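Student: what follows is a predicted protein model with its sequence.
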Amino acid sequence: MIAILAAVEEAPAGVRLLDALLLSGGFHATTVVLGTTLLGIAAGVVGTFGLLRRRALLADAAAHATLPGLAGAFLVMGWLGIEGRWSPGLLLGAGLAAALGVLAIRAIVRATRLGEDAAIGTVLSVFFGAGMVLLGVVARHPRGEAAGLEDSIFGAAATMLPGDVVLLAVVAGIAVLAAVLLLKELRLLCFDEEFGRVIGRPLGAVDAILLGLILLVVLAGLGSVGMLLVVGLLVIPPAAAGFWSDRIGRMVPIAALVGGASGWIGSAISASAPRLPTGPMIVLVAASILVASALLAPRRGVLATAATRISLRRRIAVDHLVEALSERDDRGWPLASIARERGWGGATAALVLRAARMEGLVAGPSTALRPTPRGLARGLAVRRNHRLWKAYLVRFAEVAPSHVDLTAERVEHLLAPEIVRELERSLGEEVASDGGRS
Amino acid sequence: MSEHPSSRLRDRPEHSPASPLSIHAMTVAYRRKPVLWDIDFDAPIGSLVAIVGPNGAGKSTLLKACVDLLPRASGTVEFWGRPYREQRRRVAYVPQRESVDWEFPITALEVACMGRYPSLGLLRRVGRADRAVAMACLERVGLAELAHRPIGRLSGGQQQRVFIARALAQEAELSLMDEPFAGVDAATARVIVELLASIRARGGTVLCVHHDLATVREHFDSVLLVNMRVVAAGPIAQAFTPANLERTFGGRLTLLDSAGQAIARAEGGLR
């Protein structure tokens, strides 16, 4: 990240970044930005289903397994006298090897007592190792033009041509089309495959299509982000999308957006300064979006959760204040005496009092607090819930009365109105109404 | 599994083709270890049947083997005299609640709509009519107001009701339910009991894996007592007797169990 900051600080680099982002950084930079954006969209869409189907590690293994395929195809084509490094022949070899790796994992899981993680780890490392060995063989090859093969390990977006962008557009189109047409079946496959099989859906075929789409994205990503990092593009955007929605139908477009933005911004940054590799840059941008999502997303984000927790604690503290006041007579009581009872420090007590005043629950100076009518009503309600819950625990859950207060102390503040009604029904009015203001 | 003409049950007088579910000589193995031996059973039409037995007795396995989720080592299962794959549309299935990830990003209504998938083509989307049916089913289980809530924010009992709504949306004549009462709140149990009664009132049949012996008599007409084999089956008054319960729950069937282990070891299924 320091490198980026340093690069952006120089005015020319900053201008170049802006140019690249706005697709005016020259023909070559524009090609790369468009290509990686399309790749990010495809990966976001496919990755959402892959992640929900728990296929992330399988995708990673498939990506690593492409290496022996690439090297093998290169050697075979050499023997056959076919020229060229990025021909469809190489991709075919890569695809075959990846498919073989997936089949090997399936076979290991089915035929042995090894778990899927062991199978994936084994296949991933064995295939990648075999690929590295084959690369060594390729390097000794008389034609010696094998350097390009190594690019597919880390990716080399700079080599992207307009034809590649067209191919990536086709891949993104296939991914989006499959998601739109098969959303219903993919949702069923990922959520409840067993039920799908019981009602006779062809989920075997749908699963194969999903695996095929994952392989397609892996192959499409070899050129720009490389086989080591393409899994990041498949996993991170959907993971970020999960913070913004808990409906799969919305997660898919959000993940596409995050993936596309990562490709766009990451490749633009990489184009704006020398020696900033594109693939890693894209993954880092995606990861930044993920971190931002995890922090900032409403309701599911860390900050939102913390805010909820704090407001709950504040509500409970205010409950305790009005409860304490409702138990006393109304000649006015000092905050300090209640704070001592509850074990609040001075600052906490002041915050609680301010919150209670803002809600209009207490009146009078802090040396002689009295509940307002609303505050009194709330205090009585809290006491009543407390009683109901204690009675419920003792009578139905067979909790010893001496242990009841531990849980009742918190639960009473969380009881939803319908649960309170249910408690009243099962316990009768006598518990609910006993005692009023004492 | 290939269907030999001779394996059809129509020539066997002890099984009736009118029965929603006939199981004949079914043995089911898990990793080559038989866990259900030689099951014979005919579900009486229009009745509520509880499948009762101790943990590990093979109750869920029995249901799954009937609907082709698990392979049968031997035996025949027919629904109204035909194999399951020809009768899917007449059978609804409620899996155990623990069988899925309830954090999955999906709403209650979307799950209920899955009950309508059998009538939809592969590429067809869920239409308004199907969504209306699913909504009505959610309403029957008292979840209409929570239809658009993600399932992860429902209580355990509400999640179970979503599964039952999905089965209702299948509009089937026979329902197979795997422990619908397990771990649910009182309100949900009430809803399920009412639904069972209304299904029977319409002439439907229910097979329900049930763990609570105390309520079998109250909620069901018939019982199938299972412990690796059928101990007893029939109307509550005849089959649900202390003697049969003692035979069902009284200790592990060490002989069957070790025979199963031996078979598995011989065939290399277990180590």
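Tutor: That came through, no problem.

Student: who in chain A is up against chain B?
Tutor: Those residues of chain A that sit near chain B, judged by Cβ under 8 Å from any Cβ of the partner chain, are A:52, A:113, A:181-185, A:187-188, A:190-192, A:194-202, A:242, A:245-249, A:251, A:422, A:426. Yep, even glycine has a C-beta here, placed from its N, CA and C like the rest.

Student: are any of those residues buried, and which?
Tutor: By neighbour count, with 16 or more other Cβ atoms under 10 Å in any protein chain shown, these hold A:52, A:182-185, A:187-188, A:190-192, A:195-199, A:201, A:242, A:245-246, A:248, A:251, A:422 as buried.

Student: and those, which of them are in helices?
Tutor: Judged by DSSP state H, helices contain the following of those: A:52, A:182-185, A:187-188, A:190-191, A:195-198, A:242, A:248, A:251, A:422.

Student: lowest mean pLDDT among the helices and strands of chain B, which one is it?
Tutor: Within chain B, no helix or strand scores below helix B:254-266, which has a mean of 70 by mean pLDDT, DSSP states H and E.

Student: so, low pLDDT: which residues of the chain?
Tutor: I went with chain A, as the question did not name one. Within chain A, the segments meeting pLDDT under 70 span A:1-11, A:83-86, A:141-147, A:396-412, A:414-416, A:418, A:428-438.

Student: my bad, chain B
Tutor: Applying pLDDT under 70 to chain B picks out residues B:1-7, B:251-257, B:267-271.

Student: next, the residue nearest in space to the middle of it: phi, psi?
Tutor: The structure's chain B has its C-alpha centroid closest to residue B:176; by Cα atoms, centre = their mean the separation is 3.0 Å. Here is the backbone geometry of residue B:176 (degrees, to the nearest 10): phi -110, psi 120.

Student: give me the buried positions along the helix or strand containing residue A:260.
Tutor: Here residue A:260, judged by DSSP states H and E, is contained in helix A:248-272. For helix A:248-272, a neighbour-count test (16+ other Cβ under 10 Å) marks A:248, A:251-272 as buried.

Student: ok, stretch B:85-92 next?
Tutor: Buried, per 16+ other Cβ under 10 Å, within stretch B:85-92: B:87, B:88, B:90, B:91, B:92.

Student: for the fourth one, what are its contacts?
Tutor: Right, the one you point to is residue B:91. Residues in contact with residue B:91, defined by Cβ atoms under 8 Å, 6 or more residues apart in numbering or on different chains, are A:198, B:67, B:79, B:84, B:170, B:172, B:173, B:174, B:175, B:176.

Student: out of those residues, which is most surrounded?
Tutor: Most neighbours among these, by other Cβ atoms under 10 Å in any protein chain shown: residue B:176, with 27 neighbours.

Student: show me what contacts that one?
Tutor: For residue B:176, the contact set (Cβ under 8 Å, 6+ apart) comprises B:63, B:66, B:67, B:91, B:92, B:93, B:94, B:206, B:207, B:208.

Student: in TSV: the residues you listed, plus secondary structure.
Tutor: Output for those, formatted as TSV (DSSP: H, G, I helix; E, B strand; the rest coil):
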residue	secondary structure
B:63	helix
B:66	helix
B:67	coil
B:91	strand
B:92	strand
B:93	strand
B:94	strand
B:206	strand
B:207	strand
B:208	strand
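
Student: tell me how many other residues crowd residue A:103.
Tutor: Residue A:103 has 11 nearby residues by other Cβ under 10 Å.

Student: doesn't it fall inside a helix?
Tutor: Yes: applying three-state DSSP, one finds residue A:103 inside a helix.

Student: around chain A, which positions in the stretch 51-200 of chain B sit nearby?
Tutor: The stretch 51-200 of chain B comes close to chain A at residues B:67-69, B:85, B:88, B:91, B:93, B:95, B:99-101, B:104-107, B:110-111, B:114, B:117-118, B:120, B:122-126, B:150, B:152-153, B:166, B:170, B:186-187, as judged by Cβ under 8 Å from any Cβ.

Student: just the buried ones from those residues, in PyMOL syntax?
Tutor: Burial among those is assessed by 16+ other Cβ under 10 Å; the matching PyMOL selection reads:
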select buried, chain B and resi 67+68+69+88+91+93+95+100+104+105+106+107+110+111+114+117+118+120+126+150+166+170+187
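
Student: quick one: residue B:175 is in a helix?
Tutor: No: assigned with three-state DSSP, residue B:175 falls outside any helix and is strand.

Student: next, work out how far apart it and residue B:168 are.
Tutor: The gap separating residue B:175 from residue B:168 is 8 Å, by Cβ to Cβ, to the nearest Å.

Student: find the residues that touch each one of these two.
Tutor: Common neighbours of residue B:175 and residue B:168 are listed as residue B:92 (criterion: Cβ under 8 Å, 6+ apart).

Student: most proximal residue of the stretch 251-400 of chain A with respect to chain B?
Tutor: residue A:251 (5.6 Å; Cβ to the nearest Cβ).

Student: burial measure for residue A:367, as a count.
Tutor: Counted by other Cβ under 10 Å, the residues lying close to residue A:367 total 11.

Student: residue B:223 looks like it's in a helix, true?
Tutor: No: counting by three-state DSSP, residue B:223 is not part of a helix but strand.

Student: got the contact list for residue 195?
Tutor: Picked chain A for this. Applying Cβ under 8 Å, 6+ apart to residue A:195 gives the contacts A:188, B:93, B:95, B:114, B:166.

Student: my bad, chain B
Tutor: The neighbourhood of residue B:195, defined by Cβ under 8 Å, 6+ apart, consists of B:140, B:141, B:164, B:168.

Student: checking the third one next. Helix, strand or coil?
Tutor: Read it as residue B:164. Residue B:164 - assigned by three-state DSSP - is helix.

Student: quick check: it touching residue B:194?
Tutor: No: using Cβ atoms under 8 Å, residue B:164 makes no contact with residue B:194, being 11.1 Å away.

Student: farthest-apart pair in the contacts of residue B:91, please.
Tutor: With Cβ to Cβ as the measure, no two of the contacts of residue B:91 lie farther apart than A:198 and B:173, at 15.4 Å.

Student: what's the end-to-end length of stretch B:149-165?
Tutor: Distance across stretch B:149-165, first residue to last, is 15 Å (Cα to Cα, to the nearest Å).

Student: show me which residues of that stretch are buried.
Tutor: Using 16+ other Cβ under 10 Å as the test for burial, stretch B:149-165 gives B:149-151, B:154, B:157-165.

Student: what about the helices in the stretch 151-271 of chain B?
Tutor: Secondary structure of the stretch 151-271 of chain B, counting by DSSP state H, counting those that start in this stretch: helices at B:156-169, B:186-201, B:213-219, B:236-239, B:242-249, B:254-266.

Student: point out the most buried one among those helices.
Tutor: Between the helices of the stretch 151-271 of chain B, helix B:156-169 has the highest mean count of neighbours, a mean of 25, where neighbours are mean count of other Cβ atoms under 10 Å in any protein chain shown.

Student: so what does it touch, helix or strand wise?
Tutor: If you count contacts as 3 or more Cβ pairs under 8 Å, 6 or more residues apart in numbering or on different chains; DSSP states H and E, helix B:156-169 packs onto strand B:91-94, helix B:108-113, helix B:128-140, strand B:174-178, helix B:186-201.
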